[in-house]
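*Asks:* fold the stuff below for me.
(chains A and B)
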2 protein chains.
Amino acid sequence: MKLPGTSQLQHGSPDQRSSQGERTSDRLLQLLKQHGSLCAAQLSEALGMTEQGVRRHLTRLAGAGLIEGYSGKPQGRGRAQQLYRLTEQGEARFPKSYPTLCMDLLHHLRAEYGPDAVGRVMNSRAQTLAAEVQAEWGPDLPLAQRLEQLTRKFQEANYGSVLEQSGDCYYLTHHNCPHLAVACEFTELCLAERDMIADLLETEVRCEARASTGASQCRYRISKSESAAVPTASSDVPH
Amino acid sequence: MKLPGTSQLQHGSPDQRSSQGERTSDRLLQLLKQHGSLCAAQLSEALGMTEQGVRRHLTRLAGAGLIEGYSGKPQGRGRAQQLYRLTEQGEARFPKSYPTLCMDLLHHLRAEYGPDAVGRVMNSRAQTLAAEVQAEWGPDLPLAQRLEQLTRKFQEANYGSVLEQSGDCYYLTHHNCPHLAVACEFTELCLAERDMIADLLETEVRCEARASTGASQCRYRISKSESAAVPTASSDVPH
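*Replies:* Residues are numbered from 1 along each chain as shown, chains lettered A, B, ... in the order given. Next up, the predicted model:
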């Protein structure tokens, strides 16, 4: 059984890389990744350790939701036995390159369909999101309640959003940008979000800070007076 | 100082969620995320622990590359002192949603520009990648060497690629798909990759397995005879 040349596992935690046990768990996950599924005896041989030791790792990894056991035939032959494979969560620990792919595609979208294409696609997405939000609102929902529900939507989408009020304004602050790398290169994403918020609230919405331009957060100032609604100008996003 | 309502930190490791120390580290990172930068005294107050205790966490998080210290004025006022902020690696631990964004954009690309638009953008990207690879090759590089270099490119891009030969064929196997979620929904990504490989190698390339259709890996069978080059048919990607 051939071990891959380089470890591909990604680590997120500050102090988890140290122990021998973790290196063994990494190699075990890597083997399941490469072979699809294996039994304890095969893992024991590949890792050069006892089956008892392998089972300790398997129990811990299954407990963490990274692998699962099932009954099957190794390579489709012989008697059925307990095999192990990665769960979706285990699969997710292998390196992904979605930010790069996303930015690549947007660059090529622009190259193929012209300078306005990125904005057009971003706005199409924002309008769909807005329609989904609006579908849950009654016809005459007051601004304060719309804003509360919108804040909750952003929170559910991992924006770390906080709503505050001061004087004649609300302040909506996102403490996390879940697509920061893309926003840094394509302002269209930020503009579409700001326009979507203004359309949903039907009031004046100004962007006062942007994570994508170096601020530690994104902050919107939202006028309490619904009659203050003005067409949003693209130029109010800080650069 | 207000702590955010929900923890946003993502955890990748099987057995790291347990200790009190890690929960404190999480809250510390969360505070830096929310406030941009803070000094040890501010963190001590917000976390309800001694400055000495805070410093122990700061040292460990800085050692792990998640935060960095620098000299500055808190909120831009008063005397300069040691402040702490997230590094890019620390920032990356907060939740991101690039796969979702990427798929959203591709759906809206199709909605705005028609059914062939996704393929057109994917092929445009593949052609650029191919041109970059080709630029490093001499004019008459033999197939075996082209294939070795292409395999290395895929390895560098985290495809976990392995090259083998058997009889009159090479087999190129990717043990990791760095954009699996997108490939599962948009076959265009797989087709563009296969066509790119065939164009670069100028020989017959057949896709025998696809991670995006449930296989544990992607595998290409590549004819050793360069004269075997035939126009690649879209239909050879397993569904």
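
*Asks:* residue A:215 in helix, strand or coil?
*Replies:* Here residue A:215 is coil, with the state taken from DSSP: H, G, I helix; E, B strand; the rest coil.

*Asks:* what's the burial count for it?
*Replies:* For residue A:215, the neighbour count with other CB atoms under 10 Å in any protein chain shown is 14. C-beta here means a position set from N, CA and C on the backbone, and glycine is covered the same way.

*Asks:* how about the nearest residue to it, chain neighbours excluded?
*Replies:* Nearest residue to residue A:215, sequence neighbours excluded (CB to CB, 6 or more residues apart in numbering or on different chains): residue A:209, at 4.0 Å.

*Asks:* can you give me the buried ones in stretch A:184-194?
*Replies:* Neighbour-count burial for stretch A:184-194 flags A:184, A:186-194 (criterion: 16 or more other CB atoms under 10 Å in any protein chain shown).

*Asks:* out of the residues you listed, which one sits closest to chain B?
*Replies:* Nearest to chain B among the buried residues of stretch A:184-194 is residue A:189, at 8.2 Å by CB to the nearest CB.

*Asks:* surely the closest one meets residue A:178?
*Replies:* No - between residue A:189 and residue A:178 there is no contact under CB atoms under 8 Å: 10.9 Å.

*Asks:* ok so, going back, quick one: the residue nearest to residue A:215 from residue A:177, how far?
*Replies:* According to CB to CB, to the nearest Å, residue A:209 and residue A:177 sit 11 Å apart.

*Asks:* what is in contact with these two at once?
*Replies:* Here residue A:209 and residue A:177 share the contacting residues residue A:218, scored by CB atoms under 8 Å, 6 or more residues apart in numbering or on different chains.

*Asks:* who's more crowded, these two?
*Replies:* Set residue A:209 next to residue A:177 and count neighbours by other CB under 10 Å: residue A:177 wins out with 26 against 17.

*Asks:* break chain A down into its structural domains.
*Replies:* According to automatic domain parsing, chain A comprises the domains A:20-91, A:98-236.

*Asks:* wait, what's in contact with the most centrally placed residue in chain A?
*Replies:* Geometric centre of chain A, nearest residue: residue A:178, 6.0 Å, by CA atoms, centre = their mean. Neighbouring residues of residue A:178 by CB under 8 Å, 6+ apart: A:157-159, B:95-97, B:101.

*Asks:* try 6 Å
*Replies:* Shown in contact with residue A:178 (CB atoms under 6 Å, 6 or more residues apart in numbering or on different chains): A:158, B:95-97.

*Asks:* for it, grab phi and psi.
*Replies:* Backbone torsions of residue A:178, given as degrees, to the nearest 10, read phi -70, psi 0.

*Asks:* nearest spatial neighbour of it, skipping sequence neighbours?
*Replies:* Excluding the flanking residues, the one nearest residue A:178 by CB to CB, 6+ apart is residue B:97, at 4.2 Å.

*Asks:* what do you get for residue A:218?
*Replies:* residue A:174 (4.2 Å).

*Asks:* who does that neighbour form a beta bridge with?
*Replies:* Beta-bridge pairing for residue A:174 (DSSP bridges): residue A:161, residue A:218.

*Asks:* interface residues of chain A facing chain B?
*Replies:* Proximity of chain A to chain B, by CB under 6 Å from any CB of the partner chain, involves residues A:8, A:12-14, A:16, A:34, A:36, A:60-61, A:64, A:66, A:93-99, A:101-102, A:104-105, A:108-109, A:112, A:120-121, A:124-125, A:158, A:160, A:175-176, A:178-179, A:216.
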